[in-house]
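1. Here is a sequence with its predicted model. Questions after.
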Amino acid sequence: MRAITISRFGEVDVLETADLPVPDPGPGQVSIDVSHAAVGLADILMRRGEFGGAPPIVPGLEVAGTVREVGAGVHHLRVGQPVVTLSRPTAGGYAEVSVADAAITIPLDAVDPRLDAAEAVAVVPNTTTALLSLELVGNVGPGSQVLIHGAAGALSGITAQVARHLGAAQVLGTVRSSRRAAEAERYGYDLVVSSNGFRSALSDAGIDSVDIVVDPVGGRLRAESLEVLAPLGRLLAVGNASGEDDVRVGANELWLANRAVLGFNVGGLLMQDPTAAEAGARRAIEWAVAGTVSMPHTTLPLAQAAEAHRLLESGDCEGRIVLTVPN
């Protein structure tokens, strides 16, 4: 089968086309004839070597397609069924055939067959991630004030929509540039400000504190975010896109200020309990079909994976990038 591999760690030119054996599913797994594979920040970090491992590596955490073969013990999926996967720590999505745990492989036709594969892989995994982080960890509910960094990013844009649907009274965002602010507006933020000096910008708008900060950026923004948390506020650390050094917070500081810092890593959660996201994924499909959540996406052929990485790193593409895989 054709696949895109990381031949060595480095820039986009390390992504190479390879001919690999077709993988077989093990117990509790399925193999998928891939039609679409999402491109995400995790793929870039993988390419740079920040996730460890040894090349060659096939990147790609999320795919859509049809079930090719079912492994032992899998009874809720059938050959030929249209499916989408959630984020898989095992990767392997940039390929004509990919293997995934059946527990995080969601049958599209069992929920709503109107959702096509490209939209499914662009929307469902991130919506499920946002639901899990906001409900299980952030405890977002009616009346919550939520601040989301990297507001124009694909995951943050979905998170804003999910927060609103869960009853958040105010959804705020920060971005690096005015151009990204215009992109973020489509996701329904009440206010989007520059990440540089965001505390002053919020104060000028009459907002001195928020209940929840969702931070996929890390570094300086994370440190400054602690200062805008209301009593009993929660900061959700969901990534470190900035690549900056970790932020150290003393337990006594949190105790005295009645604040919390909580981490959420969907891949780690699903490794420990693959069934944790099934209900959320079904809700994500229903919301996508209803238009409750949406995300623009750009499609490129699998052979242009390097261009997809370049676009994502440059910020020149709005929404998600999805690779189409010919079969």
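-> Nice, thanks for sending it over. Here the structure is a predicted model, which is why all the values come from computation and not from measurement. Numbering: from 1, shown residues only.
2. Show me how this structure divides into domains.
-> Structural domains of the chain, as assigned by automatic domain parsing, span the residue ranges 2-124+275-324, 141-264.
3. What is the end-to-end distance of the shortest one?
-> Between the start and the finish of domain 141-264 there is a gap of 18 Å, counting by Cα to Cα, to the nearest Å.
4. Could you pull up the mean pLDDT of that domain?
-> When the per-residue pLDDT values of domain 141-264 are averaged, the result is 93.
5. chain center to it: distance?
-> Centre-to-centre, domain 141-264 and its host chain are 16 Å apart (Cα atoms, centre = their mean, to the nearest Å).
6. One more: the longest one?
-> Relative to its parent chain, domain 2-124+275-324 has a centroid offset of 11 Å by Cα atoms, centre = their mean.
7. about what we covered before: now the domains of the chain in JSON lines, please, with extra columns for distance to Ala130 and mean neighbour count.
-> For the C-beta atoms, the positions are set from N, CA and C on the backbone; glycine is no exception. Formatted as JSON lines, the entries for these read as follows, by distance: least, Cβ to Cβ, whole Å; neighbours: other Cβ atoms under 10 Å:
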{"stretch": "domain 2-124+275-324", "distance to Ala130": "8", "mean neighbour count": "19"}
{"stretch": "domain 141-264", "distance to Ala130": "4", "mean neighbour count": "19"}
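8. mind putting those in TSV, distance to Leu132 included?
-> What follows is those, written out as TSV (distance: least, Cβ to Cβ, whole Å):
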stretch	distance to Leu132
domain 2-124+275-324	6
domain 141-264	7
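9. Could you point out the helix or strand that follows whatever helix or strand Ala181 lives in?
-> Element membership for Ala181 (DSSP states H and E) is helix 178-184. Toward the C-terminal end, the helix or strand that comes next after helix 178-184 (DSSP H and E) is strand 191-194.
10. hey, where'd the strands end up in the stretch 101-250 of the chain?
-> The residue ranges that make up the strands of the stretch 101-250 of the chain, judged by DSSP state E, counting those that start in this stretch, are 105-107, 145-148, 170-175, 191-194, 210-215, 229-237.
11. I'd like these as CSV, with distance to Thr275 appended.
-> Written out in CSV, the entries for the strands of the stretch 101-250 of the chain read as follows (distance: least, Cβ to Cβ, whole Å):
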stretch, distance to Thr275
strand 105-107, 12
strand 145-148, 27
strand 170-175, 30
strand 191-194, 36
strand 210-215, 24
strand 229-237, 22
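12. Between these, which one is closest to Arg164.
-> Put simply, out of those the one that sits nearest Arg164 is strand 170-175, at 5.6 Å, with distance taken as Cβ to Cβ.
13. The closest one pairs with which strands?
-> Sheet pairing for strand 170-175, assigned by DSSP bridges, gives strand 145-148 (parallel), strand 191-194 (parallel).
14. angle of that strand against strand 210-215?
-> Put simply, strand 170-175 runs at 40 degrees to strand 210-215, going by axes from the mean of the first three to the mean of the last three Cα atoms, to 10 degrees.
15. Other residues contacting strand 170-175?
-> Counting by Cβ atoms under 8 Å, 6 or more residues apart in numbering, the neighbours of strand 170-175 from elsewhere in the structure are 144-152, 156, 160, 163-164, 181, 183-184, 187-195, 198, 202, 207, 210, 221.
16. Quick check: which element contains Ala3?
-> Ala3 is part of strand 2-6 when elements are defined by DSSP H and E.
17. who does the helix or strand that that strand is followed by pair up with?
-> Counting by DSSP H and E, the element after strand 2-6 in chain order, helix or strand, is strand 15-19. Strand 15-19 has these partner strands in its sheet, going by DSSP bridges: strand 2-6 (antiparallel).
18. before we move on, back to that, just the CA coordinates for the strand holding Ala3, please, in PDB.
-> Extracted as PDB, the C-alpha positions of strand 2-6 are listed here (Å, rounded to 0.1, in the frame of the first residue of the first chain):
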ATOM      1  CA  ARG A   2       1.000   3.600  -0.500                       C
ATOM      2  CA  ALA A   3       1.800   5.600   2.600                       C
ATOM      3  CA  ILE A   4       3.600   8.800   3.700                       C
ATOM      4  CA  THR A   5       6.400   8.200   6.100                       C
ATOM      5  CA  ILE A   6       8.600  10.400   8.300                       C
END
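19. Use 41 as the first number from now on
-> Yes, from this point I'll number from 41; that puts the last item at strand 42-46.
20. The nearest residue to Asn305 once chain neighbours are set aside: what's it in contact with?
-> On the basis of Cβ to Cβ, 6 or more residues apart in numbering, the spatially nearest residue to Asn305 that is not a chain neighbour turns out to be Val278, at 7.7 Å. Shown in contact with Val278 (Cβ under 8 Å, 6+ apart): 173, 195, 254-256, 303-305.
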